[in-house]
Each structure stands twice: as C-alpha cells, then as structure tokens.
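> When you get a sec, could you give me coordinates for this:
(one chain, ligands or ions: 1)
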Amino acid sequence: MNTEVTRQVATLRETVARLHRELTRYDLVAWTAGNVSARVPGQELMVIKPSGVDYDDLTAEAMVVCDLSGAVVDGDGAPSSDTAAHAYVYRAMPEVGGVVHTHSGYATAWAARGEAIPCWLTAQADEFGGEIPIGPFALIGGDDIGKGIVSTLSGHRSPAVLMRNHGVFTIGRDARAAVKAAVMCEDVARTAHLARALGQPVPIAPADIDSLYDRYQNVYGQRPPAH
Ligand SMILES: [Zn+2]
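Purely as a prediction, here's the structure:
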C-alpha cells in the first residue's frame, strides 16, 4: 500500500470502529452479532469488523483489511464471518461504499415471516422510497447471501433488504449511510409492527411516496456550500 492508501485505511479503521458503537447504541445487535464494513475508495479493498470480538474491544487496530475476494490484507484477527457477503456486494455494486448487517429484532421478525415491510410511513417513503424488500433464504459460507442482497437491491430504491429467516443487510454511499439505513430500517419495522398489531395500516399513494422520496433525497437537510 502506498502512503495515500495507508492514510485512507487508517482513517477508515477509525470510522468503522466508531460506527460499530452506533449498532449497540441503537440496540441493533446482541453479543458479537452484526458488522459494518467500508470500501477503501478507488481500491480493491475493504475495512471490516473482526469475527467474534466483543463490541467493547472493537478498536481501530482490531479492524481487518481484506481484498474484495475476502482475503485478509492487513490485520491480526480473522474477518467477520459475513466478509464474503460484503465483498460480493462491493464487487457487484461499484456505487456502494459501505455495508452493514444486523439481526435487529423488529426488522428480523419481518424477515422470519418472509414479509416485505409495506410503505405505511412518510419516514419510510423518505428513506426507502417504498417497501423494504425481502431477499431469498441463503446459507452462510459461499456467495449466496451476497447474490441475494445484490439481486434484491439492484434497481430498487431501498438501501435495506430483509434476508429471509436471517436479518438485515443495508448499503450506502459510505459506511455511515449504511449504518443510518440499518437504524432507520429497525425504527420503521418496529412502528409498522405496532401499527399492524393495532389494526390495518393505511397505505400511502404511490405518487405521494415518489414525492416524499424525491424531496428527502434531493432537498432535505444541510446542503454543502456551493463552490
Ligand atoms: Zn447474520
């Protein structure tokens, strides 16, 4: 690695370590489950959580650098057992800079039923542009999980997929965006669950979903200053 790449990797080690604390802060993970990764921009590399390490011990130094076949390039520990899925997503979706996986409770309850989350909330229209889709059942180990994520999210507005009987995978332009999608996915899944427990939620008209999504993605929030 040249000096510039070494510097990028050092920064991403800090970022990815820090973002793991968001998974515990928002109660999205139990024990050592869940993981965040970030692509090293312009490189065939990613920074990912080590396997089976307590969240309290996830320092920048503990992160593992892998190539996009999942082979370790730098780091002492074994990478996350979900490394192959993250690597597959980075290989197949060049626009993706961050991937997150959780078994967050409410979202995974929808995954257990194999049921997409219909768009009943404006916050869901904003963030996901419609339903949060279900991906196929896939066993861990090979490329099946990665293939399921990519086939479900390609051409879909949602940055989150509920992999059937498993849990949530989210993507983003960077790791922070993927973490935000994981937090919002669980928030939406919880409210949708509560709404349906109380009766039949009211759908949002597709044209209104389009309008909400467009405004949130293109207008909402702090804009960078124009130069
Ligand atoms: Zn999992």
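> Verify the contact between residue 146 and residue 83 for me.
No - here residue 146 lies out of contact with residue 83, judged by Cβ atoms under 8 Å, at a distance of 10.0 Å. Every residue, glycine included, has its C-beta placed from N, CA and C.
> Which residue ranges of this structure form helices?
3-25, 83-92, 105-113, 122-128, 144-153, 175-198, 206-218 (DSSP state H).
> Helix 175-198 and the first one, what's the angle between them?
Using axes from the mean of the first three to the mean of the last three Cα atoms, to 10 degrees, the interaxial angle of helix 3-25 with respect to helix 175-198 works out to 20 degrees.
> Which residues are in contact with residue 179?
By Cβ atoms under 8 Å, 6 or more residues apart in numbering, the residues touching residue 179 are 19, 22-23, 36, 98, 100, 170, 172.
> and of the residues you listed, the nearest to residue 54?
Within the contacts of residue 179, the smallest distance to residue 54 is 12.8 Å, found for residue 23 (Cβ to Cβ).
> Tell me the pLDDT of that closest one.
With respect to pLDDT, residue 23 scores 98.
> Would you check how far apart it and residue 182 are?
Distance, residue 23 to residue 182, using Cβ to Cβ, to the nearest Å: 7 Å.
> Quick one: residues contacting the spatially most central residue of the chain.
Central residue of the chain (Cα atoms, centre = their mean): residue 170, 2.3 Å from the mean position. By Cβ under 8 Å, 6+ apart, the residues touching residue 170 are 99-101, 159-161, 178-179, 181-182, 185.
> and what of residue 44?
Residue 44 touches 67-68, counting by Cβ under 8 Å, 6+ apart.
> Packed most tightly, which of the helices of the chain would that be?
helix 83-92 (a mean of 23; mean count of other Cβ atoms under 10 Å).
> That one to helix 175-198, inter-axis angle?
Angle of helix 83-92 versus helix 175-198, following the same axes, to 10 degrees, is 110 degrees.
> Remind me what helix 83-92 packs against, helices and strands.
If contacts are counted by 3 or more Cβ pairs under 8 Å, 6 or more residues apart in numbering; DSSP states H and E, helix 83-92 sits against strand 35-39, strand 45-48, strand 64-67, strand 98-102, helix 144-153, strand 167-172.
> okay, those in CSV with mean pLDDT and distance to residue 8 next?
Output for the helices and strands packed on helix 83-92, formatted as CSV (pLDDT from 0 to 100; distance: least, Cβ to Cβ, whole Å):
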stretch, mean pLDDT, distance to residue 8
strand 35-39, 98, 10
strand 45-48, 98, 9
strand 64-67, 98, 11
strand 98-102, 98, 14
helix 144-153, 98, 24
strand 167-172, 98, 18
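> Quick one: closest of these to residue 120.
Residue 120 lies closest to strand 167-172 among the helices and strands packed on helix 83-92, at 18.1 Å (Cβ to Cβ).
> CA atoms only: put the closest one into PDB for me.
Output of strand 167-172 as PDB, limited to C-alpha atoms (Å, rounded to 0.1, in the frame of the first residue of the first chain):
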ATOM      1  CA  GLY A 167     -31.800 -10.400   9.100                       C
ATOM      2  CA  VAL A 168     -31.000  -7.000   7.700                       C
ATOM      3  CA  PHE A 169     -28.300  -6.000   5.200                       C
ATOM      4  CA  THR A 170     -28.000  -2.400   4.200                       C
ATOM      5  CA  ILE A 171     -25.900  -0.500   1.700                       C
ATOM      6  CA  GLY A 172     -24.900   3.100   1.400                       C
END
